[in-house]
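> sequence first, predicted coordinates after that:
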Amino acid sequence: MDALLDAIWVLFAAVLVFFMHAGFALVESGFCRRKNAVMVLLKNVAVVAIASLVFYALGYGIMFGEGNSFVGLNTFAPDGSEADVGTLPVFVFVFFQLVFAATACTIVSGAVAERARLGTFFVFVALATAFIYPVVGHWVWGGGWLSELGFADFAGSTVVHAVGGGMALAGALAIGPRIGKFGAKKRPMPAHNLPLAALGVLILWLGWFGFNGGSTLSASDPGGVAKIILVTNLAASAGFLAALAWVAFRMKTLDLSMGLNGALGGLVGITAGCDVISPLLSIAVGAIAAILCSECVFFLEKKEIDDPVGAISVHGACGIFGTLAVAIFGEAGVLFGGSFRALGVQALGATSAFVFAFAAAGLVWFGMKALVPGGIRVSEEHEHEGLDAAECGVSAYGDEFPALRSAS
Amino acid sequence: MDALLDAIWVLFAAVLVFFMHAGFALVESGFCRRKNAVMVLLKNVAVVAIASLVFYALGYGIMFGEGNSFVGLNTFAPDGSEADVGTLPVFVFVFFQLVFAATACTIVSGAVAERARLGTFFVFVALATAFIYPVVGHWVWGGGWLSELGFADFAGSTVVHAVGGGMALAGALAIGPRIGKFGAKKRPMPAHNLPLAALGVLILWLGWFGFNGGSTLSASDPGGVAKIILVTNLAASAGFLAALAWVAFRMKTLDLSMGLNGALGGLVGITAGCDVISPLLSIAVGAIAAILCSECVFFLEKKEIDDPVGAISVHGACGIFGTLAVAIFGEAGVLFGGSFRALGVQALGATSAFVFAFAAAGLVWFGMKALVPGGIRVSEEHEHEGLDAAECGVSAYGDEFPALRSAS
Amino acid sequence: MDALLDAIWVLFAAVLVFFMHAGFALVESGFCRRKNAVMVLLKNVAVVAIASLVFYALGYGIMFGEGNSFVGLNTFAPDGSEADVGTLPVFVFVFFQLVFAATACTIVSGAVAERARLGTFFVFVALATAFIYPVVGHWVWGGGWLSELGFADFAGSTVVHAVGGGMALAGALAIGPRIGKFGAKKRPMPAHNLPLAALGVLILWLGWFGFNGGSTLSASDPGGVAKIILVTNLAASAGFLAALAWVAFRMKTLDLSMGLNGALGGLVGITAGCDVISPLLSIAVGAIAAILCSECVFFLEKKEIDDPVGAISVHGACGIFGTLAVAIFGEAGVLFGGSFRALGVQALGATSAFVFAFAAAGLVWFGMKALVPGGIRVSEEHEHEGLDAAECGVSAYGDEFPALRSAS
């Protein structure tokens, strides 16, 4: 009977994680320009669809199959006859992992938004959900070499977010900045729908209760689950306020977008250690992650790396920080007399995952750029016109009159 | 204790199904024109409200009361003292059924959007939730003649969707196309807010996990529940991609709206057989349903039947197909050597339900058209001006300046 | 094992209540003018963040700590080692209470929207979540003097809503109406995004199933939980239709905004008595609350008290009514021969809570108005320009061309 409750809890959490895809879709389309909103939505829904099919067919086996310490090699397209995973029927575990896998890829769609070609983006998503994400996942959660070293990543600061951030950085470098983003003729590219973006962040915040809380894979310690959800909420709260204050201090502006990204940074930051970091220290972790996220946004801007939604900063930088935070702020962290060796393992794991994801995704992106006729980027003409009009034949808001069409 | 968990699971699922009404409201208002968005929202919220009151008072008894094989005749306005339904306290079951009932009616509101008169639409909703939907529900889930024949409709491809589609077709025929939709002066009527429509579809997709997963009415086999949720997700994923690809192939366009309707078509298609169709075959079912949905949209367009959101195609066509799919792709289907008699029963059931719903709704719609002064449709003047300005005295987006007012 | 399920149920309910903050954010920004939408969103997310931190650190102890019958005095910043609360691990209870606390404050943000200064608003939120709300909470749910009198408020018509409404009235009086709202130069201030507002209300409606259903703090009587959810839904349904009809009768208009507020009024009205009011009477309670809400909106308008979203009417008026409804329509209410003494206790409790919240919030608002340089209100210039452009440096919808900028 306890096992039944475990399964129902994890299914509930999986449904919350699925909802995060609505959050990602809103954040990314809201932060982008009006003329590309439809294409962003199309890509985000497609990521869910492709990742669902491909992770089910291939990724799950790579990640959780038996194999070696680098990769799993069986359990492809499970049919339900497989053994339980802990107390969970296999399909409960499969569905939970499937919605996780889709999040790692959706991170990338934000970084290459407004200029990626649809076909090559789809190929990338398929390869990332079939191989890149599952390989790292195998290292950490599938019994691979990082888990053997004692690497700790409770809910995926490294597995999901650092990997997503690494793949996003590779994509952004390969595809280059949007026309007009940097250089002599540069002009502002403001978010076209902040209410949708804010709603998206609140949905992500909500979904994170399932992301972190469900990673217990069990309901047998509901006090522990509640603690995880509580610290998740505190880290997000601290992240929002810290980013707002930090950016107000640094740039003398009140910046909702940066605040929202700060909340997400706080969430990413607490993800690895939500099981072992106390409520009070989760506030510190969330605040530090948010400030780091803001600084990373400024840094990438200075380096002229164009990431329209801040995906590299939110997921990459805060994912790595969150992984380290386990061994610093966690109950066995160096703040409490824990070993620096554990911190070293965390650093090794986060770095390895980030570098592997960056390199593998770079291979895919730069490979396609070199080999695919037409490359990985839409034509200049389409980019100027906007992908919605040029490629989808519609406007996000149904308008056809010139005033709106020419706008941003 | 198992019974407690059953009840909590079904309540959770019911909450997800309730959320689908937010999804329907967004899909329908997003797909409609800007000038009618407020009226669409008003109608969608009203459907939830009317259906809640009427199904509680009357529909539940017609559907689940004791009576004959055609209709139930007691248990109106249950007060909680009634016997448990399986392991579920009666109010758990009532609430789950109530949120289901409201979905069947909301399907119709999309098909008659932008031109239906409020008062007569409300009368239709009351009659449909009191009688039309519950009667078919009684046949299948209330112990009626179709259940006696062995008709299988796990979560409602027929009971909810084919019935909703049949009622929608009757409504669309009775009310006629929007001015300017067809004929010499025809002009495009693009969706006015695709981000809202996409969000709506993702919410529906999410809610469907409760719609199908909760139809177990039990948590005693969580592996089975997870399998249902997994195939639901795979069918939606395949539906989105298949519709996108099919429409790109047929029409040489990349059409987000058709993709979204394809996802919904996939969901409707898997609803009847989500308990007996394997993950791999659910991908086929979702893809076929989505292509069927797209073709049905083209067909209705050619026949000049105006269905602004594609409700007839998504729910009617895919609902019937999904019902047949049980006996084709299901574990006892003809693909696995199952009997053609079972397929015949499925065809009989889906057809009977569709025809009954179509005829009963047609009686109501055409009856009101003939008898009610002013009929079932707004005045031409109001339709031109838009129902928001003409009947609600507002614009959805608060604007009053001419440029936007005149737009679509 | 039953205890595990209790905890999981309450966590699920808490997640639903958290989602209400997305609902509040959408309702408030949707009902406000376009030029202030970003600031409204920023404030709403900030309320969640501030309330989370402050209620965890201080408010929880004031509300549920041991102390006297007026205030709790320990259990600040609980670390998880505290005793269970009933069958619930302390963090389950803390998180559920924390998301509740944030709702009371968010009610206020609507009433002072479009003109409140950010800094002083933040101070108010901190004081309200640390002291004002928790003190009343202690009286009713923390073993204080009202609970000793037998005062009944199952899920917070008084504790959350009347308190929120009282604080909102104090804020609206202290800050004064928006420029142009009343007087010679008055002009309409229409909602700038009704689809978002409608979505927000549907999300609140959904979240209320957790708000009321989770207040059982237990899953041991799922029939009772389902009854609570059912009457919550019926009251909201009746509220929507009653407000629509009442305003159509009184003002000869079809008013979606008033209908939506009527649904919320019905929800607030059933909150205190959802455990003891029958389904049929919940329809009456919802309808009466909605009409009361509408009349209160008209009354405040006449009195020239500016409440942009109707927070005082929805939460204050309906909160008080709902508290009385327990002793009128409840199973032991005067309608069923219950004592008028109980009704008196309800009246005393609701009045005391409302007056205390009004007075304490008034002290804070008027105190800051008198003492803080610059006061509690933005400059006239900023108010004219809109807070988004003037203080956040952005537009909610990314537009920069004059036509849209000048609009509403």
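Great, that's in hand.

> list, one by one, the residues from the stretch 101-250 of chain A near chain B.
Applying Cβ under 8 Å from any Cβ of the partner chain, we find that the stretch 101-250 of chain A lies next to chain B at A:118, A:193, A:196. In short, each C-beta sits where N, CA and C put it, glycine included.

> how about the residues you listed in a markdown table, adding neighbour count?
Shown next, in a markdown table, are these (neighbours: other Cβ atoms under 10 Å in any protein chain shown):
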| residue | neighbour count |
| --- | --- |
| A:L118 | 18 |
| A:N193 | 26 |
| A:L196 | 25 |
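
> quick one, helices of the stretch 251-400 of chain A?
A:256-271, A:279-302, A:311, A:318-329, A:340-371, A:380-385, A:387 (DSSP state H, counting those that start in this stretch).

> mean neighbour count, the ones you listed: which tops it?
helix A:256-271 (a mean of 32; mean count of other Cβ atoms under 10 Å in any protein chain shown).

> the helices of the stretch 251-400 of chain A into CSV, with extra columns for distance to B:A111?
CSV is the format used below for the helices of the stretch 251-400 of chain A (distance: least, Cβ to Cβ, whole Å):
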stretch, distance to B:A111
helix A:256-271, 38
helix A:279-302, 46
helix A:311, 40
helix A:318-329, 46
helix A:340-371, 43
helix A:380-385, 34
helix A:387, 31
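
> quick one: those as JSON lines, columns for distance to chain B and mean pLDDT too.
Output for those, formatted as JSON lines (distance: least, Cβ to the nearest Cβ, whole Å; pLDDT from 0 to 100):
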{"stretch": "helix A:256-271", "distance to chain B": "17", "mean pLDDT": "98"}
{"stretch": "helix A:279-302", "distance to chain B": "24", "mean pLDDT": "98"}
{"stretch": "helix A:311", "distance to chain B": "19", "mean pLDDT": "97"}
{"stretch": "helix A:318-329", "distance to chain B": "24", "mean pLDDT": "98"}
{"stretch": "helix A:340-371", "distance to chain B": "19", "mean pLDDT": "98"}
{"stretch": "helix A:380-385", "distance to chain B": "12", "mean pLDDT": "96"}
{"stretch": "helix A:387", "distance to chain B": "9", "mean pLDDT": "96"}
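
> out of those helices, which comes closest to chain C?
helix A:256-271 (4.7 Å; Cβ to the nearest Cβ).

> closest one of the residues of the stretch 101-250 of chain A next to chain B to chain C?
Closest to chain C, out of all of these and judged by Cβ to the nearest Cβ, is A:N193, at 5.9 Å.

> which residues touch that closest one?
A:29-30, A:34, A:37, B:195, C:396-398 (Cβ atoms under 8 Å, 6 or more residues apart in numbering or on different chains).

> the same query, at a cut-off of 7 Å, please.
Contact analysis of A:N193 by Cβ atoms under 7 Å, 6 or more residues apart in numbering or on different chains lists A:30, B:195, C:397.

> mind checking which helix or strand whichever residue of the stretch 101-250 of chain A sits closest to chain B is in?
Here the stretch 101-250 of chain A gets closest to chain B at one residue, A:L196, 5.8 Å apart by Cβ to the nearest Cβ. Assigned by DSSP states H and E, A:L196 falls within helix A:194-213.

> need the CA coordinates for that helix. CSV is fine.
Written as CSV, here are the backbone C-alpha positions of helix A:194-213 (Å, rounded to 0.1, in the frame of the first residue of the first chain):
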residue,chain,number,x,y,z
LEU,A,194,5.7,40.1,-20.3
PRO,A,195,2.4,38.9,-18.8
LEU,A,196,2.9,35.6,-20.6
ALA,A,197,6.5,35.4,-19.5
ALA,A,198,5.6,36.1,-15.9
LEU,A,199,2.8,33.5,-16.0
GLY,A,200,5.4,31.1,-17.5
VAL,A,201,7.8,31.7,-14.6
LEU,A,202,5.0,31.1,-12.1
ILE,A,203,4.1,27.9,-13.8
LEU,A,204,7.7,26.8,-13.8
TRP,A,205,8.0,27.7,-10.1
LEU,A,206,4.9,25.5,-9.5
GLY,A,207,6.2,22.7,-11.7
TRP,A,208,9.4,22.7,-9.8
PHE,A,209,7.6,21.4,-6.7
GLY,A,210,7.1,18.3,-8.7
PHE,A,211,10.5,18.4,-10.3
ASN,A,212,12.3,18.4,-6.9
GLY,A,213,9.6,16.9,-4.7
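
> give the rounded mean pLDDT of it.
Averaged over helix A:194-213, pLDDT sits at 98.

> now it against helix C:194-213, angle please.
30 degrees (axes from the mean of the first three to the mean of the last three Cα atoms, to 10 degrees).

> now do helix A:194-213: which elements does it pack against?
Applying 3 or more Cβ pairs under 7 Å, 6 or more residues apart in numbering or on different chains; DSSP states H and E, one finds that helix A:194-213 makes contact with helix A:2-31, helix A:222-251, helix A:256-271, helix C:2-31, helix C:37-54.

> check those for me and report the most buried one.
With a mean of 32, the top stretch among the helices and strands packed on helix A:194-213 by mean neighbour count (mean count of other Cβ under 10 Å) is helix A:256-271.

> low-confidence ranges in chain A?
In the predicted model of chain A, residues A:1, A:400-408 satisfy pLDDT under 70.

> in terms of helices and strands, where is A:G61?
Using DSSP H and E, A:G61 falls in helix A:60-64.

> after that helix, next one along is what?
Helix A:60-64 is succeeded, C-terminally, by helix A:90-111 (DSSP H and E).

> how about that next one: buried residues?
Using 16 or more other Cβ atoms under 10 Å in any protein chain shown as the test for burial, helix A:90-111 gives A:90-111.

> residue of the stretch 301-408 of chain A closest to chain B, please.
A:G398 (3.8 Å).

> that residue touches B:P190, doesn't it?
Yes - judged on Cβ atoms under 7 Å, A:G398 makes contact with B:P190 at a distance of 4.4 Å.

> now the contacts of A:N193 as a markdown table including distance to A:L16?
Converted to a markdown table, the contacts of A:N193 look like this (distance: Cβ to Cβ, whole Å):
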| residue | distance to A:L16 |
| --- | --- |
| A:G30 | 21 |
| B:P195 | 22 |
| C:Y397 | 29 |
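
> now, which of those residues sits nearest B:A242?
B:P195 (22.9 Å; Cβ to Cβ).

> return the residues in contact with that closest one.
With Cβ under 7 Å, 6+ apart, B:P195 has these contacts: A:29, A:37, A:41, A:193, A:196, A:396.

> what's near enough to touch the last one?
The reference is to A:A396. A:34, A:37-38, A:388, B:194-195.

> quick one: which of those is nearest chain C?
When the contacts of A:A396 are compared against chain C (criterion: Cβ to the nearest Cβ), the nearest one is A:R34, at 6.2 Å.

> how about the residues of the stretch 151-300 of chain A that lie near chain C?
Contacts of the stretch 151-300 of chain A with chain C, taken as Cβ under 7 Å from any Cβ of the partner chain, map to A:190-195, A:198-199, A:202-203, A:206, A:209, A:219-220, A:222-223, A:225-227, A:229-230, A:233-234, A:237-238, A:240-241, A:253-254, A:256, A:259, A:278-280, A:283.
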